[in-house]
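*Asks:* Fold the following, please.
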Amino acid sequence: MAPIYLTVAASLLAVTGLESVVADTSVKFTVVDVQGDAYTSANLARGGKLSVGVKTLAENAELITALKTKLGESTAVTGTACDGSMQIGPTLKEIFHAGFTYPQAGSSPNYREIIQKTLDSGIKVLKEKSPYGSTNGQWTTFWEDEDGANIANLLGANSTQIGCAIGRCTTVDTAQPKQVTVTNRAVLFCAIDPPTRKDTAPFDKQYYDALVGRTTPLADMTPDDLKASRGGSTVAVPSVLLAGMAAILAAVALCIHCQLPVRINALTTDETLVTNLKQALTEAPSKVTGPSCAALDVAETFEKTKFYVTFTKESGKTPNYRQMVENAINNGLILMQTYPTTDQEWKNFWGQPGGANMANLLWANSTTIGCAVLVCTEAEDSGTAQTADRAILFCQMNPEPQQDKPPFSKDYYEALSQRETSLVDMTPDDLKASKGGSAVAVPSVLLAGISAIIAAVAL
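*Replies:* The predicted structure is shown next:
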């Protein structure tokens, strides 16, 4: 095991004499973002290799923000050193947490190993103290055990959202000069929503039996193991995942601007748009319906007012957003062989799904964007759910496009139709204006690197 580095308070000689002064040392958390496999690992812990279905948790940006705020509070962790004496604050103890040794630079935490250890400890408590595992068991007794409460706070059957972050223990030595040392003692925290109700059963007996009978460790599972193994008829039930806006925005920005001498507004992420889009996709009536995930139908209101692309998820691979966006633009250009010049021609263009789709994406006056992904889940007659490989990317722009109106100028159309370089061959540098012009505004999120969509089912 790698050593845990501590900053030791030293005795100093006072200027006026030989008086010894001991530095005041405290601890705090340095917040670290998790990688996508943290969410995959959490969902595998909940449903991997289980014949009984459980809801898949989708990453939630609001939960992550709230969790990071809690980790930054002075009461998040207390103690004088990053060792066994450090204590996690009572609020953070009420959510899933797992201590581990943070790896050296260049390596990522092994989330499956971290979660597996807490899962094993929690299952032991389930067997010994819960009514499911012991005739004398009580749920209040089970929840009083920290390992029991911990597993309940990860496996709650009614939860649908999750947000995780890491707190690395950091010592703060107030001696002059002040020393702040980030150690490799760390804790993984995950908050789920709705949270599991304390002192109650987190799931049913059928799920308990499947859980304690599972023999495959998380390390040997793949995202395909999230699929329920039982048969039965199915109905398509979409579930919303927040889109990784860096990846989406990169593809969209390249599509709109790259290697074009004519400019329209650059799009930046708007979290309000993301929230509103999520809400619209989940509220009744459903915007996406179908007898199965292979035959999905998007409501006409969404077809005409949102940019959307249906795609197939490939296990272990990042969706190719650039190719998706490029295909949508090419389909629109096929419908626009020449630039429309009359109101009726524009109405005809907007009346075709491929035309409206391109117009909604390339509306010249839009300045902000919000995206979300619907992953189709097939619900069985038995009540279990199986995540399919079909998904739909939706994007909402603001200001909203005006239907049946020209989305952009003729000059932009001509530049777009003549562009020869594929989006997959472009880089963020191609966003810079050509012909010696000034550089187009490039959102900082693009410069940070193109990240993948974070999907609980590991797109």
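*Asks:* And the spatially closest residue to residue 336 that is not a sequence neighbour, how far from residue 107?
*Replies:* Nearest non-adjacent residue to residue 336, counting by CB to CB, 6 or more residues apart in numbering: residue 349, 6.2 Å away. Every C-beta, even on glycine, is put in place using the N, C-alpha and C of the backbone. As for residue 349, its distance to residue 107 is 52 Å (criterion: CB to CB, to the nearest Å).
*Asks:* Repeat that for residue 422.
*Replies:* In this view, residue 422 and residue 107 are 35 Å apart by CB to CB.
*Asks:* same deal with residue 85?
*Replies:* From residue 85 to residue 107 the distance is 27 Å (CB to CB).
*Asks:* swap in residue 208?
*Replies:* Taking CB to CB, one finds residue 208 at 35 Å from residue 107.
*Asks:* Next, the residue nearest to residue 336: secondary structure please.
*Replies:* helix (DSSP: H, G, I helix; E, B strand; the rest coil).
*Asks:* more neighbours, residue 422 and residue 107?
*Replies:* More neighbours surround residue 422 than the other of residue 422 and residue 107, with 12 against 8 (other CB atoms under 10 Å).
*Asks:* Quick check: which element contains the closest residue to that one other than its chain neighbours?
*Replies:* In space, and not counting its chain neighbours, residue 422 is closest to residue 326: 6.4 Å by CB to CB, 6+ apart. Assigned by DSSP states H and E, residue 326 falls within helix 321-335.
*Asks:* Also residue 275?
*Replies:* Applying DSSP H and E, one finds residue 275 within helix 271-282.
*Asks:* Direction included, what does the helix or strand following that helix pair up with?
*Replies:* Downstream of helix 271-282, the first helix or strand assigned by DSSP H and E is strand 288-289. Paired with strand 288-289 in the same sheet, following DSSP bridges, are strand 297-298 (antiparallel).
*Asks:* Need the mean per-residue confidence for the strand it pairs with.
*Replies:* Over the span of strand 297-298, the pLDDT mean works out to 80.
*Asks:* Next: stretch 99-110.
*Replies:* If you average the pLDDT over stretch 99-110, you get 88.
*Asks:* What's the end-to-end length of that stretch?
*Replies:* Taking CA to CA, to the nearest Å as the measure, stretch 99-110 stretches 12 Å from start to finish.
*Asks:* Next, the buried residues of it.
*Replies:* For stretch 99-110, burial by neighbour count (16 or more other CB atoms under 10 Å) applies to 100, 102, 109.
*Asks:* Which residues does that stretch contact?
*Replies:* With contact meaning CB atoms under 8 Å, 6 or more residues apart in numbering, stretch 99-110 is reached by 1-2, 4, 32, 34-35, 37-38, 113-114, 166, 168, 183-188.
*Asks:* Ok, stretch 295-308 next?
*Replies:* For stretch 295-308, the external contacting residues (CB under 8 Å, 6+ apart) are 236, 277, 285-290, 310, 328, 350, 353, 356-357, 360-361, 376, 390, 392-397, 400-401, 403.
*Asks:* Which ChimeraX command selects the buried ones in the residues you listed?
*Replies:* Command for ChimeraX that selects the buried part of those, burial taken from 16+ other CB under 10 Å:
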select :236,277,287,288,290,328,350,353,356,357,360,361,376,390,392,393,394,395,396,397,401
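*Asks:* for the longest helix seen in the chain, the distance to its chain's centre please.
*Replies:* When the chain is parsed with DSSP state H, its longest helix is helix 111-129. In this view, helix 111-129 has its centroid 24 Å away from the chain centroid, taken as CA atoms, centre = their mean, to the nearest Å.
*Asks:* Against which helices or strands is that helix packed?
*Replies:* Where contact means 3 or more CB pairs under 8 Å, 6 or more residues apart in numbering; DSSP states H and E, helix 111-129 is packed against helix 36-47, strand 96-101, helix 139-144, helix 146-155, strand 179-193, helix 205-213.
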